[in-house]
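1. Build the 3D model from these lines:
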Amino acid sequence: MKKNIAIIMGGFSSEYKISLKSGNVVYQTLDTNKYNAYRVHILPEKWVYVDKNDQEFPIDKNDFSVTINDEKITFDCVFNAIHGSPGEDGYMQAYFNLLKMPHTSCDMYQASITFNKRDCLSILKPYGIKTAESFYINLGDTVDEDAIVNKVGLPCFVKANKAGSSFGITKVYKKEDLQNAIDFAFKEDDEIIIESFLDGTEVSVGVISYKGKTKVLPITEIVPNNDFFDYKAKYLGQSQEITPARISNEDTEKVNSIAKKVYEILKMKGFSRSEYIFKDGEPHLLEVNTVPGLTKESILPQQAEKAGISLSDLFDNAITEALTA
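-> Next comes the predicted model:
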């Protein structure tokens, strides 16, 4: 008997358009012989099932069901394709855990920790995971530009603490430009992380749970055509993404080991994609994403393909793992 799969997409953040693309790729890819796929848009103003004719049916939040032509549809599993809040920060995970409904993403705590860059890096540092030098600011704090420059140096990156897809990020070269960058980041979040610039090769490492085991996918080297790997570089083709990365076997083994260690320290499940920059021969962790892009052009699906895992197999495995957890 075919399983009913709700593919949740959209969300409450600036990433919702990217999420809709990811969700639709999952919808178009899932094996129709095994699954009845339902597109579910989770938006601030509505939760709705959207049929193939784009007709909308409201989701009953009491049990995450939908009624279509007087027939109540319940779901066997939820495929999470929401980038940013509420799909990547723990809210949807907590909701589905309360409903005892299987879902493809990590658990609530892991989602909330990894979505908060500052907290995630703080947890991992005692385990020897190297990171950039950082400085934290909350909305309302007095901005001491001299203290920031003394701590992280110039150039530096000003980032929204809880935002993905490089929203709210600026590379700052001069002290007098710090305030504008901080104001820009505060448009995305009320917490900011300012990090030192790491001059080295940037790589993206996909780690997934595949057939019951932690699997590190082939590494992708990021070569932005812009000054850094910003939104345009990620989604508008303004970068080169080279898989496998042009790094030595020694560096490959080193970053593979660290990425696997991070995944297991955090007790992750499902998909993850972490970003590293090599400085003085050592990978420095930038961040961990738990709902990475899932379009054919996205990094994790490219890595899976290099590993001999098709999109269909990648998505099918995620559902199978969720159902057997």
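2. now the residue nearest to Pro44 when sequence neighbours are not counted: how far from Asp89?
-> Distance criterion CB to CB, 6 or more residues apart in numbering; nearest residue to Pro44, sequence neighbours excluded, is Phe12 at 5.2 Å. Any C-beta I mention is one placed from the backbone N, CA and C, and that applies to glycine too. Distance, Phe12 to Asp89, using CB to CB, to the nearest Å: 9 Å.
3. go on, Asn80?
-> On the measure of CB to CB, Asn80 and Asp89 end up 12 Å apart.
4. Could you check which of the two has the larger neighbour count?
-> Shown here are Asn80 and Asp89; by other CB atoms under 10 Å, Asn80 has more neighbours (30 against 25).
5. Could I get the contacting residues of the nearest residue in space to that one that is not next to it in sequence?
-> With sequence-adjacent residues excluded and distances taken as CB to CB, 6+ apart, Asn80 is closest to Ser105, at 4.1 Å. Shown in contact with Ser105 (CB atoms under 8 Å, 6 or more residues apart in numbering): 80, 87-88, 92-93, 111, 269-271, 290-291.
6. So Ser105 belongs to a helix, correct?
-> No. Under DSSP: H, G, I helix; E, B strand; the rest coil, Ser105 falls outside any helix and is assigned coil.
7. all numbers from here: first residue = 712
-> I'll keep to 712 as the first residue from here, and by that count the last item is Ser816.
8. and the gap between it and Lys728?
-> With the distance defined as CB to CB, Ser816 ends up 20 Å from Lys728.
9. again, but for Phe989
-> For Phe989, the distance to Lys728 - CB to CB - is 32 Å.
10. which secondary element of the chain has the worst mean pLDDT?
-> Using mean pLDDT, DSSP states H and E, helix 942-946 stands out as the lowest-scoring helix or strand of the chain, at a mean of 45.
11. Just checking: what are the partner strands of the helix or strand following that one?
-> Per DSSP states H and E, the first helix or strand lying C-terminal to helix 942-946 is strand 950-953. Take DSSP bridges as the rule and strand 950-953 pairs in its sheet with strand 931-935 (antiparallel).
12. any chance you could map the strands in the stretch 862-1011 of the chain?
-> 867-871, 881-883, 902-907, 913-921, 924-927, 931-935, 950-953, 982-990, 993-1000 (DSSP state E, counting those that start in this stretch).
13. mean pLDDT for those strands: which is lowest?
-> The minimum mean pLDDT among those belongs to strand 950-953 (a mean of 88).
14. quick one, what contacts Val920?
-> Quick fix: residue 920 is Ser, not Val. If you count contacts by CB under 8 Å, 6+ apart, Ser920 has them with 926, 979-981, 1032.
15. Ok, Pro994 next?
-> 841, 914, 962, 965-966, 969, 987-988.
16. How about it, nearest residue that isn't a chain neighbour?
-> Leaving aside its sequence neighbours, Pro994 sits nearest to Tyr987 (CB to CB, 6+ apart; 4.0 Å).
17. Show me the domain layout of the chain.
-> 714-815, 824-841+910-1035, 845-907 (automatic domain parsing).
18. still on that earlier bit, so Phe989 and Lys728 - more neighbours on which side?
-> The neighbour comparison of Phe989 against Lys728 (other CB under 10 Å) goes to Phe989, with 19 against 12.
19. wouldn't the more buried one be in contact with Val914 here?
-> Yes. The criterion here is CB atoms under 8 Å, and Phe989 meets it with Val914 at 7.4 Å.
20. so what's in contact with those two at the same time?
-> 958, 966.
21. How much space separates the nearest residue to Glu952 once chain neighbours are set aside from Ser985?
-> Excluding the flanking residues, the one nearest Glu952 by CB to CB, 6+ apart is Thr931, at 5.3 Å. Noted for Thr931: a distance of 11 Å to Ser985, by CB to CB.
22. Quick check: Ile718 vs Asn1000, distance?
-> Taking CB to CB, one finds Ile718 at 18 Å from Asn1000.
23. Which one's more surrounded, the two?
-> Ile718 (27 against 21).
24. for that one, helix, strand, or coil?
-> strand.
25. Not counting residues beside it along the chain, what's closest to it?
-> Phe790 (4.6 Å).
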